[in-house]
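Visitor: can't give you the sequence, but here's the structure:
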């Protein structure tokens, strides 16, 4: 009856970012699987132009393997992993950031494979498509222009979103740090930045991929708020919680809160591992 945690990364990330959390979970006696969505991890593209010395013109035009990958591809890949994990007992699906879109799509399609779904400052669209939430007041403090300083190439021409995380542009690096790890050290920030891959797919889903009450809505769910998250402010996290509760009032979110920024919980994973351990025990009792 031991649950398996299935961990889904966010944009530009991969399974590698979960290594410290998996180590902590393992030391607490928990089983976990970190997912690489299509075009991520060892399936990612790192163009020669991305290496030092960088060729910025080449970086702006070199094709990437993630071109054409869709949210449906991500969800199908995740469902395949959930099917295998479910053979071993209960499954707790944990998503972070943009990974919440994929987790929600998988939950809409196969709620039978998930015993609890956990969003850690992750997108779970209910009332709007994800891109439309960025125009809402809760996201007003997010400086999208600064975060775009390191974008390479034209997304419409490349068929993907490419960001030069190896830039030496001080303004771009300052914007990344403020958004994702303002409470980390310089060394932690640069180390995490170098685990990111440059390419991400463009498909954020449509209204058909929003949380659906009849399927997603019957899965026990937890939202872990990150109190100091600047890239998804608390106001937006709370809005997503509120909209989810309004959609399924008989199955509201179990809400937890951790201190720290968007990435700090992955660098210092012990508090998050304890919360997940509590959810594991809760899932076993209710199974």
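Guide: Received, thanks. Keep in mind that this is a model prediction, so the values were computed, not measured.

Visitor: Which parts of the stretch 101-250 of the chain are helices?
Guide: 130-133, 144-147, 155-158, 170-180, 186-193, 234-247 (DSSP state H, counting those that start in this stretch).

Visitor: Pull out the buried residues from the longest one.
Guide: Burial within helix 234-247, assessed by neighbour count using 16 or more other Cβ atoms under 10 Å, is assigned to 234, 236, 237, 239, 240, 241, 243, 244, 245, 247. Quick note: C-beta positions are derived from backbone N, CA and C, even for glycine.

Visitor: and the residue lying closest to the fourth one once chain neighbours are set aside, how many neighbours?
Guide: For residue 239, ignoring the flanking residues on the chain, the nearest one in space by Cβ to Cβ, 6 or more residues apart in numbering is residue 138 at 5.3 Å. Residue 138 sits with 17 neighbouring residues when counted by other Cβ atoms under 10 Å.

Visitor: and if you look at residue 57?
Guide: Residue 57 has 11 neighbours, counted by other Cβ under 10 Å.

Visitor: For it, give its distance to residue 193.
Guide: 23 Å (Cβ to Cβ, to the nearest Å).

Visitor: ok, now residue 167?
Guide: Note on residue 167: its distance to residue 193, by Cβ to Cβ, is 10 Å.

Visitor: shared neighbours, the two?
Guide: Taking Cβ atoms under 8 Å, 6 or more residues apart in numbering as the contact rule, residue 167 and residue 193 both touch residue 173.

Visitor: Phi, psi for residue 31 please.
Guide: phi -100, psi 140 (degrees, to the nearest 10).

Visitor: What residues does the closest residue in space to it that isn't next to it in sequence make contact with?
Guide: Leaving out its chain neighbours, the residue that sits closest to residue 31 by Cβ to Cβ, 6+ apart is residue 4, at 4.9 Å. Shown here is residue 4, whose contacts under the criterion Cβ under 8 Å, 6+ apart are 31, 32, 33, 85, 88, 89, 90, 91, 92.

Visitor: Please flag which of those sit within helices.
Guide: Under the assignment DSSP state H, the contacts of residue 4 contribute residue 85 to helices.

Visitor: Just the buried subset of the contacts of residue 4, written out for ChimeraX, thanks.
Guide: To isolate the buried subset of the contacts of residue 4 in ChimeraX, counting by 16+ other Cβ under 10 Å, use the following:
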select :31,32,33,85,90,91,92
